[in-house]
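**Q** I would like the atomic coordinates for the input below:
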Amino acid sequence: MFFIKPRIVKIILVALVILGGLAGGLYYLTHYYDPVRVVYKRMKAPSPYVFEEIEPHFLRTNPADLIPIQTAADAEKIRKLAIGVIWGTAKVPSRLPDAVDSDIEDAHFADMENLERIDRLRLKMTYDVPNVSYHFIPKKKSGHLVIVHQGYAGTFHDLKHVIAAYLGQGHAVIALNLLGYGENRIGYDAFFPRFGWYEVHTHKILFLDPFAMRFFYTPVIAAINHAKENYDYTVIDMMGFSAGGWETMIASAVDPRIRRSYPVAGSYPLYLRNHDEPGQSVPPQYYVPLLNAMNYLEAFVLGSWGEDRGQLQIFNRFDRCCFRNVKGLHYAPAVKAAVSKIGPGRFEVVLDETHADHKVSDFAIEIIIKDMARP
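**A** The predicted model follows:
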């Protein structure tokens, strides 16, 4: 009968424990420790076109050719066209929240510093489409409001670190979720005059309502209207993450009351989305009537143009999800040139190389706060 000495068994067990610890440590470093994760993702990339270089077929397009704006009048015309597509009106609506619940309790945010209270803003749109946002009011106030917009697969509760950073500066925050997320629950049947009873769905509504984009952008405008009517904020800026970054790009283009805008992992112009990667082909961002009225490059110009206005786009170069690579640098010079041609304003693209995740990093928060404070 084969017999292993106890000492050998102990050595094997110790070796297994050590190997397991090394494997666990390596897994942690490559998945959770940003400096190592960045190196790991770059080494693992199957092609230099994942993170390092722009594929040649993208470079066939000259972005300057897609920005026909020559004058301020051209820019205003495009803005009015976009507003008409979204709301069917000549200017953004004067809509306010239907109700405000003052000083609500939410345990998730209970430990935030410099928080005086949270108000819940409630809005009900056509077909009873709901929207709920939170207004975070600081104790020590800077007179500055930041609209914060979350994207897909999460709620603004996931952006607590972002909200906390702005509150720490004395800035008030109004935080919004995307259509269908958080308390913005849909998925019920409603009566459509042209089609009968049909499901209200985040994407299907794009094909059922003649002004479907209003369900995405009315909540932002209503939040700004509420702030303007009830508070004496001297500055209103907007930051959005992922699809919330896309919302920020369009909202800042149609409403110049948004002084500076900060889309993080928001969206690329359409020519850079040819052969989109999984997770990036979301129907609202391909809404043809809006794209024909105002393409993305034109939206970037409109969101940047104006006295003391600007747009700083941040892309996570090694993003595991969306809009990675260095593609934003390809169109930045063309947008800058178009803005400078029609008047004051700033446009900048920044690559966040500090991590390899789909998130708003500490680096991004820091440069946004610094940019907000620029004269």
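
**Q** pull the contacting residues for Glu147.
**A** One thing to correct before we go on: residue 147 is Ile, not Glu. Counting by CB atoms under 8 Å, 6 or more residues apart in numbering, Ile147 touches 173-174, 176, 220, 223-224, 236-239, 248, 251, 258. Where you see a C-beta, it was placed from the backbone N, CA and C, and this is true even at glycine.

**Q** and the two most separated of those residues?
**A** Maximum pairwise distance among the contacts of Ile147 (CB to CB): 15.4 Å, between Val173 and Ala251.

**Q** the two - which one has more neighbours?
**A** Counted by other CB atoms under 10 Å, Val173 and Ala251 do not tie: Ala251 has more neighbours, with 29 against 26.

**Q** for the more buried one, which non-adjacent residue is closest in space?
**A** Leaving aside its sequence neighbours, Ala251 sits nearest to Val220 (CB to CB, 6 or more residues apart in numbering; 4.6 Å).

**Q** number of residues surrounding that neighbour?
**A** When counting by other CB under 10 Å, one arrives at 27 neighbours for Val220.

**Q** and it, what helix or strand is that in?
**A** Applying DSSP states H and E as the criterion places Val220 in helix 214-230.

**Q** likewise for Ala164?
**A** helix 160-168.

**Q** please point out which parts of that helix sit buried.
**A** Using 16 or more other CB atoms under 10 Å as the test for burial, helix 160-168 gives Val162, Ile163, Ala164, Ala165, Tyr166, Leu167.

**Q** centre of the chain to that helix, how far?
**A** 16 Å (CA atoms, centre = their mean, to the nearest Å).

**Q** which helices and strands sit right next to that helix?
**A** strand 130-138, strand 144-149, strand 172-176, helix 362-372 (3 or more CB pairs under 8 Å, 6 or more residues apart in numbering; DSSP states H and E).

**Q** redo the buried residues of helix 160-168 as TSV? Include pLDDT and distance to Ala73.
**A** Formatted as TSV, these follow (pLDDT from 0 to 100; distance: CB to CB, whole Å):
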residue	pLDDT	distance to Ala73
Val162	98	37
Ile163	98	39
Ala164	98	42
Ala165	98	39
Tyr166	98	36
Leu167	98	40
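
**Q** can I get the residues you listed in TSV including distance to Val17?
**A** Shown next, in TSV, are these (distance: CB to CB, whole Å):
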residue	distance to Val17
Val162	40
Ile163	42
Ala164	40
Ala165	41
Tyr166	46
Leu167	45
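
**Q** nearest to Ala243, of the residues you listed?
**A** Nearest member of the buried residues of helix 160-168 to Ala243, counting by CB to CB, is Val162, at 15.3 Å.

**Q** coming back round to it: which elements pack onto the helix holding Val220?
**A** Packed against helix 214-230 by the contact rule (3+ CB pairs under 8 Å, 6+ apart) you find helix 72-87, strand 115-124, strand 130-138, strand 144-149, strand 172-176, strand 235-241, helix 243-254.

**Q** pick the most deeply packed of the ones you listed.
**A** Neighbour counts averaged per stretch over the helices and strands packed on helix 214-230 are highest for helix 243-254, at a mean of 28; criterion: mean count of other CB atoms under 10 Å.

**Q** show me the shaky parts of the chain.
**A** Applying pLDDT under 70 to the chain picks out residues 1-5, 9, 12-13, 19, 22-23, 26-30, 32, 276-281.
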